[in-house]
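Asker: Fold the following and give me the result.
(one chain, ligands or ions: 2)
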Amino acid sequence: MDQAIENETVVQGVALSGGCSVAKVCRFNERRHENLPMFHLDQDGVEREHGRVDRAIDVVDTHLETIRKRVETEVGKAEAEIFVAHRMILKDPDVVHRIHDFIDTHSMNAEASVAQAFDYYESRLLKLESEVFRDRANDIGEVKHRLLDVLSDLQPTLQCQGEAHCQRGRNRIVVADELTPAMTVDLDASGILGFITRRGGVNSHGAILARALGIPAISGVGDLMDRLPCGTEVLVNGGTGSVVIWPLPETIAKAGNCRREAIVQVEVVEPIAAYRVLANVNTLADLEPALAMKAEGIGLYRTEIEVIAAGRYFSEDEWTDRMVRMVRAMQGKPVTIRLLDVGSDKTLPFMDIPPEENPSLGWRGLRLLLGRPELLGVQARALARASMHGPVNVLYPMVVDVDQFREGRRLFDEAIRGCPSGTLRHGVMFEVPSACLAADALLDVADFGSIGTNDLLQYFFAVDRDNERVAYDYHANRPVFWNLIRSIVDEARRRGKTVSVCGELAGDPDQVGRLYQAGIRDVSVSARRIPAIRTAYGALNKPRENQPGGNAA
Ligand code: PEP
Ligand code: MG
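Answerer: Ligands and ions are numbered 1, 2, ... in the order given. The predicted structure follows:
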């Protein structure tokens, strides 16, 4: 680590997620098992290392059971199953025997013996040309890391040793290379006060999750990363993108309402009929805040996030369970569920996607679903079953043109042939410029549209949504962008159809006036943003309010 900073220092990064926190830093431990101790033992050492292995297995076993219980209560039984599988791997007699045998026959320490035993099974599975075995290999790798964490006295994912510093990130600001969706979901997010990362753009999925969880986050801080040891006090201003290291009391006072501990509750603002604000949800757990904030429906359920979190695909029954819960909870309000939108930064490690030179222009979204119709089919049947409990809007991600959308619809209909279903409406994500320019043809066949400004900005202005170096160019302050939005709204209005906006732009109070002027009357934002958006709408001077604006109801 480079020389640590000792006096108050301000560093400018890229604002990813608003809010202000003051807390100690905890570093995410990216390379925690690179330099494991490996050495030969004397006879006493052999006994000691057998004991260390047994104790580590017990500790991991108890920890896995605690996580399993928590996940089962907070997320669901299906997601919790992965931890049952991990416990079985951990206590598999062949694995345990191999570790102890290695200590005896090679006189090697516990870390070396654990690593070789797990690597042996992992590499054998990786040689088999099957996705199922590769998934198992990933699971074996996970269990190995947990055991090595315990043996080396490391916190599972954070760098500091001991309770005083990291405490699994509780009331801490986590510093990492990159905020990945898996990491955001995996960390005990309820207690984290902020993220500072080297890389990551404002609309990376990790950033979106941070905003949904109400956690301030900043990226693009470059070399600063190497000068922030665990325990450094920092003030993170996720609104402006600034990080103040060792902030003086007057700096903290000037920053105003900065969090020091638990996340501040957001006040509810009542719905406004003229500007409907629905909720973006990523997991079932997001339903509760959506209801608490009086969301006027679910405008976007990103189904891929739970798959990333669970580390495996869901069955038709598991999807049905989730979708029915969404529909029932919303009691007749609109529920829009997006088909799996994977690829690019939302890759599934267990999914066989060959490495791509240019993944954001690669095999993703609807293009990928057309190549893997069984993935679309499982969700389609679950959506049909869910629609028996109330109307469901099905959203097709990353649509490129009308032929592609028609093909997606055809596969959907084919998959649900013979399934009983209720009302299903099919909509297009407008996030690829070619689709936006073909809004007339697409809205002739689609029932509704949803503008995904996160990807649309990226593809329209050829600027990577995940790259903080070009973040200055990733914005909507150009008339040509608003002309495009207006043209989609006009096409929708002509056909009596609704087009909403579900990208992050919709959750920015400063953009409410422009969206309204462009004719948008429905937006979908993360639950925590709902009050701020309603307040911003209330503060607008709305010259067109009594005119026939917007698209159809
Ligand atoms: C978008 O692109 O605006 C969108 C809502 O989808 P995602 O952020 O999941 O890519
Ligand atoms: Mg998108």
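Asker: Ligand 2 contacts on this protein?
Answerer: Within reach of ligand 2 by C-beta under 5 Å from the ion, the chain has these residues: 431, 452, 455. C-beta coordinates here come from the backbone N, C-alpha and C atoms, glycine included.
Asker: what sits against the residue nearest to the last one when sequence neighbours are not counted?
Answerer: Spelled out, that is residue 455. Leaving aside its chain neighbours, residue 455 sits nearest to residue 431 (3.8 Å; criterion: C-beta to C-beta, 6 or more residues apart in numbering). By C-beta atoms under 8 Å, 6 or more residues apart in numbering, the contact set of residue 431 is 397, 398, 451, 452, 453, 454, 455, 456, 459, 503.
Asker: mind checking pLDDT for residue 431?
Answerer: Model confidence at residue 431, given as pLDDT, is 98.
Asker: Return the backbone torsion pair for it.
Answerer: Dihedral angles of residue 431 (phi, psi; degrees, to the nearest 10) stand at phi -140, psi 0.
Asker: would CSV of the contacts of residue 431 with pLDDT, distance to residue 468 and secondary structure be doable?
Answerer: Output for the contacts of residue 431, formatted as CSV (pLDDT from 0 to 100; distance: C-beta to C-beta, whole Å; DSSP: H, G, I helix; E, B strand; the rest coil):
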residue, pLDDT, distance to residue 468, secondary structure
397, 98, 24, coil
398, 98, 23, coil
451, 98, 24, strand
452, 98, 20, coil
453, 97, 18, helix
454, 93, 15, helix
455, 95, 17, helix
456, 97, 19, helix
459, 97, 18, helix
503, 93, 18, coil
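Asker: wait, which of the residues of the chain next to ligand 2 is closest to residue 293?
Answerer: Among the residues of the chain next to ligand 2, residue 452 lies closest to residue 293 (C-beta to C-beta), at 21.4 Å.
Asker: Would you mind measuring from the closest residue in space to that closest one that isn't next to it in sequence to residue 483?
Answerer: Leaving aside its sequence neighbours, residue 452 sits nearest to residue 431 (C-beta to C-beta, 6+ apart; 3.4 Å). In this view, residue 431 and residue 483 are 17 Å apart by C-beta to C-beta, to the nearest Å.
Asker: Using the three-state scheme, assign residue 440.
Answerer: Secondary structure assignment for residue 440 (DSSP: H, G, I helix; E, B strand; the rest coil): helix.
Asker: Where does the closest residue to it other than its chain neighbours fall, secondary structure wise?
Answerer: With sequence-adjacent residues excluded and distances taken as C-beta to C-beta, 6+ apart, residue 440 is closest to residue 491, at 4.8 Å. Using DSSP states H and E, residue 491 falls within helix 479-494.
Asker: got the CA positions of stretch 440-451 in CSV?
Answerer: This file holds the C-alpha atoms of stretch 440-451, laid out as CSV (Å, rounded to 0.1, in the frame of the first residue of the first chain):
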residue,chain,number,x,y,z
ASP,A,440,-43.9,3.1,-35.1
ALA,A,441,-43.6,-0.4,-36.4
LEU,A,442,-42.8,-1.8,-33.0
LEU,A,443,-45.7,-0.1,-31.3
ASP,A,444,-48.0,-1.5,-34.0
VAL,A,445,-47.3,-5.0,-32.7
ALA,A,446,-46.3,-4.4,-29.1
ASP,A,447,-48.9,-3.6,-26.4
PHE,A,448,-46.7,-1.1,-24.6
GLY,A,449,-43.1,0.2,-24.4
SER,A,450,-40.6,1.1,-21.7
ILE,A,451,-37.6,3.4,-22.4
